[in-house]
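Chemist: What follows is a predicted structure for the sequence shown.
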Amino acid sequence: MTTVSSKQQPLLESLADRDRTRKGRSWRWLAGGVWLFYLGSPLQEILRHSDGAARVVGVVALLAFATGYMAFFIWMRQVAWREGGLPLWKRYAYLVGLLALASLMLPAAGQTALTTLVYITAISMVMLDLRQAIAVTVVILGGAELSMRLVPGWHDDSSYGLAIFLAALAVFGMRRAIQRGMELSVARQDFAELAVQEERNRFARDLHDILGHSLTVITVKAELAGRLIAANPARAAVEVADVEQLARAALADVRAAVAGYRELSLAGELVSARAALEAAEIRADLPTTVDDVPESHRELFAWVVREGVTNVVRHSEARKCTVRISAQHIEVLDDGRGPTTSPGGHGLIGLRERADLVGATLSVGQAPGGGFRLAVRVGP
């Protein structure tokens with residue numbers, strides 16, 4: 001099915017689309033009704049220079065024209081709530097009907113009946129798509145100019161042609177303004193939906209990172225406690241207490257993430273990393289201070305520590321894990337089995353997104369001497 005672009009769509013449909021979303025009372029009929037005072041000129045001509053049947057027909061035709069013109073705005077309101085809009089033949093039938101009423105005024109109103117062409121032009125610019133509306137406007141404008149030159153007794157008054165042109169131009173400007181406004185509204189809605197989707201992705205990424213790390217450490221400590229229950233009950237009790245503490249901390253992190261106020265601490269992550277590595281019986285070579293790291297980089301570096309150590313504990317089968325930190329650089333290395341063919345899980349994807357947000361570069365690959373290396377550099 002072919003679709004009409006917003007530039008070609010009739011203003012009637014644009015107003016209908018806007019009304020469907022607003023569902024408020026429309027006073028558009030009042031804005032259109034104020035222009036009826038221009039029909040005073042043909043009315044005066046009818047009453048002043050005609051009599052008998054011509055006057056009656058002229059007055060009745062003018063009143064019917066004014067009624068039909070005002071009925072259009074009520075009609076527009078009804079079309080706005082009806083799916084499928086208005087068939088094209090009905091639109092042309094309506095315009096032809098108005099033109100027929102204007103013709104009935106000619107014997108009594110004379111040349112002043114051409115005033116009605118301004119109203120017909122304006123309505124055609126509302127009812128029809130742009131190409132059809134321009135074609136109708138050209139026909140009406142040409143007919144008015146020719147009639148003033150060919151009909152005996154009529155004088156060449158360019159004001160009618162100018163009024164028709166200005167009416168078409170004014171409604172064209174209005175239809176473009178309304179359609180641009182609707183396009184802007186749709187764009188804003190799309191941006192809002194994208195923002196919501198981005199926030200959902202951010203929350204899912206944060207939740208994965210929080211629970212992935214915490215549950216990994218809890219699992220390792222629980223396994224260690226299980227092995228120590230018979231051999232060293234006191235040490236097993238310590239590990240179980242650590243599991244409880246980690247579970248509570250994970251719950252607090254999830255609640256903070258839901259509230260939207262959670263920020264990671266680089267120093268805190270290093271402490272947690274040491275505990276996780278020791279529980280997994282992996283020797284930890286970690287920095288003891290983070291004073292050299294700028295405050296703006298610490299949260300990103302904290303995520304690197306969390307994700308890197310989690311992967312070491314889960315997948316590396318390493319005996320040693322090293323974390324090196326400088327003002328612009330951080331790397332996590334191990335001496336395990338090295339990179340796999342997997343392109344990376346959700347954690348690395350989320351970490352890459354965090355790095356991209358601050359213009360940092362993330363590197364994943366084999367560490368010198370074997371093992372796995374995860375590094376992030378901020379700046380050149």
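Modeler: Perfect, thanks for sending it.
Chemist: Give the full set of residues in contact with S103.
Modeler: A113 (CB atoms under 8 Å, 6 or more residues apart in numbering). The way it works is simple: take the backbone N, C-alpha and C, and place the C-beta from them, glycine included.
Chemist: Apologies, that question was intended for I282.
Modeler: Each residue near I282 by CB under 8 Å, 6+ apart is listed here: V312, V313, A318, R319, K320, C321, D334.
Chemist: Relative to L286, which of these is nearest.
Modeler: C321 (8.1 Å; CB to CB).
Chemist: In this structure that closest one contacts R314, no?
Modeler: No. C321 lies out of contact with R314 (CB atoms under 8 Å); the separation is 11.9 Å.
Chemist: what about the two, which has more around it?
Modeler: A direct count of neighbours by other CB atoms under 10 Å for C321 and R314 places C321 higher, at 28 against 16.
Chemist: Can you tell me the SS state at the more buried one?
Modeler: Using DSSP: H, G, I helix; E, B strand; the rest coil, the structure places C321 in strand.
Chemist: Over to V217?
Modeler: helix.
Chemist: For it, give me its contacts.
Modeler: L246, S272, A275, A276, A279, V313.
Chemist: got it, and V271?
Modeler: No contacts exist for V271 under CB under 8 Å, 6+ apart.
Chemist: and the gap between the residue lying closest to A222 once chain neighbours are set aside and L184?
Modeler: Nearest residue to A222, sequence neighbours excluded (CB to CB, 6 or more residues apart in numbering): V243, at 5.5 Å. Distance, V243 to L184, using CB to CB, to the nearest Å: 54 Å.
Chemist: So between those two, which is more surrounded?
Modeler: Per other CB under 10 Å, whichever of V243 and L184 has more neighbours is V243, with 19 against 10.
Chemist: in terms of contact, does that one touch G226 like I think?
Modeler: No. Using CB under 8 Å, V243 is not in contact with G226; the gap is 10.6 Å.
Chemist: any weak-confidence spans in the stretch 51-200 of the chain?
Modeler: Low-confidence segments of the stretch 51-200 of the chain, defined by pLDDT under 70: 76-86, 192, 195-196, 199.
Chemist: what about the strands in it?
Modeler: With DSSP state E, counting those that start in this stretch as the criterion, the stretch 51-200 of the chain has no strands.
Chemist: still on that earlier bit, any idea which of the contacts of V217 is closest to E145?
Modeler: S272 (85.4 Å).
Chemist: Just confirm R149 contacts D156, I think it does.
Modeler: Yes. Contact criterion CB under 8 Å: R149 and D156 qualify, at 5.9 Å.
Chemist: And the pLDDT for the residue nearest to A222?
Modeler: Here, the pLDDT recorded for V243 equals 81.
Chemist: chain center to the strand or helix carrying it, what's the gap?
Modeler: If you go by DSSP states H and E, V243 is part of helix 233-259. Centroid separation for helix 233-259 versus its chain: 41 Å, with CA atoms, centre = their mean, to the nearest Å.
Chemist: Report the rounded mean pLDDT for the helix or strand following it.
Modeler: Using DSSP H and E, the helix or strand that follows helix 233-259 in sequence is helix 266-279. Averaging pLDDT along helix 266-279 gives 86.
Chemist: Centre of the chain to helix 266-279, how far?
Modeler: 42 Å.
Chemist: Export that helix to PDB, keeping only CA atoms.
Modeler: What follows is helix 266-279, C-alpha atoms only, in PDB (Å, rounded to 0.1, in the frame of the first residue of the first chain):
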ATOM      1  CA  LEU A 266      37.600   2.000  43.100                       C
ATOM      2  CA  ALA A 267      39.200   1.400  46.500                       C
ATOM      3  CA  GLY A 268      36.200  -0.600  47.500                       C
ATOM      4  CA  GLU A 269      36.400  -2.800  44.400                       C
ATOM      5  CA  LEU A 270      40.100  -3.500  45.000                       C
ATOM      6  CA  VAL A 271      39.300  -4.700  48.500                       C
ATOM      7  CA  SER A 272      36.400  -6.900  47.200                       C
ATOM      8  CA  ALA A 273      38.700  -8.200  44.400                       C
ATOM      9  CA  ARG A 274      41.400  -9.200  46.900                       C
ATOM     10  CA  ALA A 275      38.800 -11.100  48.900                       C
ATOM     11  CA  ALA A 276      37.300 -12.800  45.900                       C
ATOM     12  CA  LEU A 277      40.800 -13.800  44.600                       C
ATOM     13  CA  GLU A 278      41.900 -15.200  47.900                       C
ATOM     14  CA  ALA A 279      38.600 -17.200  48.200                       C
END
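Chemist: Appreciated, that's everything.
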